[in-house]
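Enquirer: quick check, what structure comes out for this input:
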Amino acid sequence: MDRSSYPHFLAITTRWKDNDVYGHVNNVEYYSFFDTVINEFLVRAGELDIHRGDVIGLCVESACTFKQSLAFPETVDAGLRVSKLGNSSVHYEIGLFRAGSEEPAATGRFVHVFVDRDNRRPVALPDRLRTALEGITG
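Expert: This is a model prediction of the structure:
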């Protein structure tokens, strides 16, 4: 998928600590970029209250396909879309792009299950969150 496949973007600046001894962003940081674009969207567009809300999202699956190296200093445009929206779960697809590039440096998938904060049992997605997620479903 290219840049046009993703309806939501967040620019993330790489940090000095992101680079590893090989001179590129370490693989674990790509997962951090995934988590950042997803949760930024949930908080801003879906009004998810990560501190006091009754519902929280738990990651139950994630994967990354590396296509090109990213490095510091660089801006990464993290693209986000929803590929499947269930009653309590969401399947996301993420593309990490160099600023101005049409082809991703990495692609990923990430699955959230939304649960009750206290008992950790699955719950239906809150209406505002569902509406926001429907807006980026591809």
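Enquirer: what about the longest helix in this protein?
Expert: Counting by DSSP state H, the longest helix found in the chain is helix 27-44.
Enquirer: that one - what's its average pLDDT?
Expert: For helix 27-44, mean pLDDT is 97.
Enquirer: quick check: buried residues in it?
Expert: Glu29, Tyr30, Tyr31, Phe33, Phe34, Val37, Ile38, Asn39, Phe41, Leu42 (16 or more other C-beta atoms under 10 Å). For the C-beta atoms, the positions are set from N, CA and C on the backbone; glycine is no exception.
Enquirer: following it, which helix or strand comes up?
Expert: strand 55-66 (DSSP states H and E).
Enquirer: who's in contact with that next one?
Expert: Strand 55-66 is touched from outside by 27, 30-31, 34-35, 39, 42, 48, 50, 89-90, 105-117, 120, 123, 125-126, 129, with contacts defined as C-beta atoms under 8 Å, 6 or more residues apart in numbering.
Enquirer: which of those residues are buried?
Expert: Among these, those that count as buried by neighbour count (16+ other C-beta under 10 Å) are 30-31, 34, 39, 42, 48, 89-90, 105-115, 123, 125-126, 129.
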